[in-house]
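*Asks:* dropping the sequence and predicted coords here.
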Amino acid sequence: SSSSSSSSGVTYFASATATGDDDDEEVQAIGEKNVMRLPHLRQHCTECKFVEDVRYKVINQRYSTTKSREEVYQGVQLNSKTCELCYCYICDKPASECKQWGGTPSQLNREDHCNASDKGDSALIYKSLRDAAKKGTATDNNKPKSKKTNH
């Protein structure tokens, strides 16, 4: 059997099949309609895959083999891709406006914001960068430049 339900303006379509065990049904989502997309941190994007701990692997030289080096580079390339609603975790602004987004594997930089996440082995490092950016003590290129005033 199939059914649909509506909640908050989103309609979900589901297909249920009986398994034979006390009339339990297995529900499988087969589509969505009227889904509202909202701005989100890059790590939570459903359109672009995100690879955690790329920065940690770079810092700790966790790519001693050619294969692992390629995996790190591939992670950076994946993390640098965004949809139009992705936000930078550190800058708290659209990823398209982040001046330290990075993502060039040949110039792998440990400070690239595209790899920032609040999960994994690098989470504390990125949280401290985020906190510094919020306080205005960031040392990156996203920090607003102060205007010199003559007295």
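*Replies:* Thanks, I have it. These figures come from a predicted structure and were not determined experimentally. Numbers count the residues shown, from 1 in each chain.
*Asks:* which stretches of this protein have low pLDDT?
*Replies:* Filtered on pLDDT under 70, the chain yields the residue ranges 1-24, 58-67, 103-110, 138-151.
*Asks:* which stretches in it count as strands?
*Replies:* For the chain, the strands defined by DSSP state E occupy 2-7, 10-18, 25-33, 40-41, 86-87.
*Asks:* longest helix anywhere in the chain?
*Replies:* Ranked by number of residues, the top helix in the chain under DSSP state H is helix 66-80.
*Asks:* list the buried residues for that helix?
*Replies:* Of the residues in helix 66-80, those buried under the neighbour-count criterion (16 or more other CB atoms under 10 Å) are R69, E71, V72, Y73, G75, V76, L78, N79, S80. The C-beta positions use only the backbone N, C-alpha and C, and glycine is treated the same way.
*Asks:* go on, stretch 82-98?
*Replies:* Quick answer for stretch 82-98 (16+ other CB under 10 Å): T82, C86, Y87, C88, Y89, I90, C91, A95, C98.
*Asks:* just give me the closest of the buried residues of helix 66-80 to V35.
*Replies:* L78 (23.2 Å; CB to CB).
*Asks:* nearest residue to P39 other than its sequence neighbours?
*Replies:* Spatial nearest neighbour of P39, chain neighbours left out: L85 (4.8 Å); criterion: CB to CB, 6 or more residues apart in numbering.
*Asks:* mind listing what the one you found touches?
*Replies:* Residues in contact with L85 (CB atoms under 8 Å, 6 or more residues apart in numbering) are R37, L38, P39, H40, C45.
*Asks:* one more pass at 7 Å, please.
*Replies:* Contacts for L85 (CB atoms under 7 Å, 6 or more residues apart in numbering) come out as R37, L38, P39, H40.
*Asks:* neighbour-wise, which of those leads?
*Replies:* H40 (14 neighbours; other CB atoms under 10 Å).
*Asks:* might you report the residue contacts of it?
*Replies:* L85, C86, Y87.
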